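Engineer: build me a structure from this.
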Amino acid sequence: MKILFKNANIYPITSEPFKGDLLIENGKIKKLGKNIKVKADEIIDVEGKFIFPGFVDAHSHIGVFEEGVGEGYYQDGNEMTDPNTAQVRVIDAFYPEDAAIKRALEGGVTTVMVVPGSANPIGGQGAILKFKSKIVDEMIIKEPAGLKMAMGENPKRVYGSQKKLPSTRLGSVAVIREYFLKVKNYMKKKENGEFNDFDLKMEIGEKVLKREIPARIHAHRADDIITAIRLSEEFGFDLVIEHATEAYKVADYIKEKNIPLVLGPLFGFRTKLELKDLSFEVLRIINEKGILAGLMCDHPVLHLEHANVQAALGMRYGAKEEDLIKMLTINPAKILKIDDRVGSLEPGKDADIAIWNYHPFDIRAKAESVYIEGKKVL
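Structural biologist: Residues are numbered from 1 along each chain as shown. Sure thing, here's the model as predicted:
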């Protein structure tokens, strides 16, 4: 199946924008250029429209914090019964009928990393999904794709109210450190032939320590960011910092340690003490330092359909348009290690594209058509 899009304003991301044509074939991008002439099954004139790769959000709770059903018992994103729930998997709770998914497609988002919430120091296993099916198993790019952890106020609030560990930052880090010490012992037992029983909590920790998947650590405050880095060096695991609200305060240190960030959300969210110094300036500063960073909505905190609006606001605070676009596309793809498939328009990559009526940073912009692997989904 060949589809040729003609006369579009095309943003490949890894090369300069141009006006021309885009050819997709059998679910892949075949060719980009000016005045492509080829016999195609479908030729679509998109004069005046904008073609971007599908946006990638590297930290989302879509499908596990479902829209329109209220809070508490009806939500599935936080297993708030044990500080360590490493064994739980988001794919076992993900709801493909979440109304937010269609709206996310209207915002040009095609790929997400879905993670558990941040109630627990060790919250569970995330998965990278595409919005291409109503069957979660058919949406999976990688699973498990990371072990979600959390520091700061969230675990303190949840377990402090229960008068149990962890009610402090001390306690949260102790839970994580004790867990990985147990994982190391578990791995030694396997190596020494003393192994008898599988333990789901230990198995996923082993994947982290073997660097098969990263630790995805929720950390807003600068000191929590530094603590997360300290833990990663102590136990030798790969790390991605989630939120990183105060990353601008320790940007040189983050750059030195080569730690990727998934920043956000950045507006409408100064709701707790550790967010009091939240600033859009972080987008400019982090990009100027050359730190690999994506931009998240933390859906449903900020609706995923407005990913483009949040990014556009960064220009008000001095961030460059091209940097902000990369934070929605190729950067999160690199962080998730799926940039060989998504995040830019290049021959051989998946044909995940969004056709916008205006440039996405125009407040009037809406994705009018979306294709995932060459199939129209919107």
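
Engineer: list the helices and strands the strand or helix carrying I229 packs on?
Structural biologist: Applying DSSP states H and E as the criterion places I229 in helix 222-235. Judged by 3 or more CB pairs under 8 Å, 6 or more residues apart in numbering; DSSP states H and E, helix 222-235 is in contact with helix 169-191, strand 215-219, strand 239-243, helix 251-257. (Glycine included, C-beta is placed from N, CA and C.)

Engineer: the same query, at a cut-off of 6 Å, please.
Structural biologist: Judged by 3 or more CB pairs under 6 Å, 6 or more residues apart in numbering; DSSP states H and E, the packing partners of helix 222-235 are strand 215-219.

Engineer: neighbouring strands - and their directions - for the strand it packs on?
Structural biologist: strand 140-150 (parallel), strand 239-243 (parallel) (DSSP bridges).

Engineer: P265: which of those is closest?
Structural biologist: Checking the strands paired with strand 215-219 against P265 by CB to CB gives strand 239-243 as the closest, at 8.3 Å.

Engineer: what's the most buried one of the strands paired with strand 215-219?
Structural biologist: A comparison of those by mean neighbour count, using mean count of other CB atoms under 10 Å, puts strand 239-243 on top with a mean of 25.

Engineer: distance from the chain centre to it, please.
Structural biologist: Relative to the chain's own centre, strand 239-243 is displaced by 10 Å; criterion: CA atoms, centre = their mean, to the nearest Å.

Engineer: how about residues contacting it?
Structural biologist: With CB atoms under 6 Å, 6 or more residues apart in numbering as the contact definition, strand 239-243 has outside contacts at 59, 214-216, 218-220, 225, 232, 259-262.

Engineer: and stretch 323-339, by the same measure?
Structural biologist: Applying CB under 6 Å, 6+ apart, the set of residues contacting stretch 323-339 is 13, 53, 55-56, 58, 113, 128, 141, 260, 287, 292, 294-295, 311, 314, 342-344.

Engineer: do stretch 364-375 as well
Structural biologist: Stretch 364-375 has contacts (CB under 6 Å, 6+ apart) with 24, 27, 105-106, 108, 110, 130, 132, 350-358, 377-378.

Engineer: buried residues in the helix holding I229?
Structural biologist: If you call a residue buried by 16 or more other CB atoms under 10 Å, then helix 222-235 has these buried ones: A222, D223, D224, I225, I226, T227, A228, I229, L231, S232, F235.

Engineer: pLDDT for those residues - can I get that in a markdown table?
Structural biologist: Formatted as a markdown table, the buried residues of helix 222-235 follow (pLDDT from 0 to 100):
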| residue | pLDDT |
| --- | --- |
| A222 | 98 |
| D223 | 98 |
| D224 | 98 |
| I225 | 98 |
| I226 | 98 |
| T227 | 98 |
| A228 | 98 |
| I229 | 98 |
| L231 | 98 |
| S232 | 98 |
| F235 | 98 |
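
Engineer: now, among the residues you listed, which is nearest to K31?
Structural biologist: When the buried residues of helix 222-235 are ranked by distance to K31 (CB to CB), S232 comes first, at 41.5 Å.

Engineer: grab the nearest non-local neighbour of the closest one.
Structural biologist: L239 (4.0 Å; CB to CB, 6 or more residues apart in numbering).

Engineer: before we move on, the earlier item: in the buried residues of helix 222-235, find the pair that's most separated.
Structural biologist: The span of the buried residues of helix 222-235, defined through CB to CB, is set by A222 and F235 at 21.2 Å.

Engineer: about what we covered before: which ones among the contacts of stretch 323-339 are found in strands?
Structural biologist: Of the positions in the contacts of stretch 323-339, P53, F55, V56, A58, M113, I128, I141, G294, L295 sit in strands, assigned by DSSP state E.

Engineer: from those, which is closest to V38?
Structural biologist: Out of those, the member with the shortest distance to V38 (by CB to CB) is P53, at 21.1 Å.

Engineer: give the contact list for that closest one.
Structural biologist: T329, S344, L345.

Engineer: so who does the spatially most central residue of the chain touch?
Structural biologist: Geometric centre of the chain, nearest residue: A58, 0.8 Å, by CA atoms, centre = their mean. Neighbour list for A58: M113, V262, G294, P332, I335, L336 [criterion: CB under 6 Å, 6+ apart].

Engineer: how near is it to A293?
Structural biologist: 10 Å (CB to CB, to the nearest Å).

Engineer: cool, M151 as well?
Structural biologist: 19 Å.

Engineer: just A127 next, same as before
Structural biologist: Counting by CB to CB, the gap from A127 to A293 is 21 Å.

Engineer: neighbour count: those two, which is higher?
Structural biologist: Counted by other CB atoms under 10 Å, A127 and A293 do not tie: A293 has more neighbours, with 28 against 23.

Engineer: for the more buried one, which non-adjacent residue is closest in space?
Structural biologist: L261 (4.3 Å).

Engineer: good, wrapping up.
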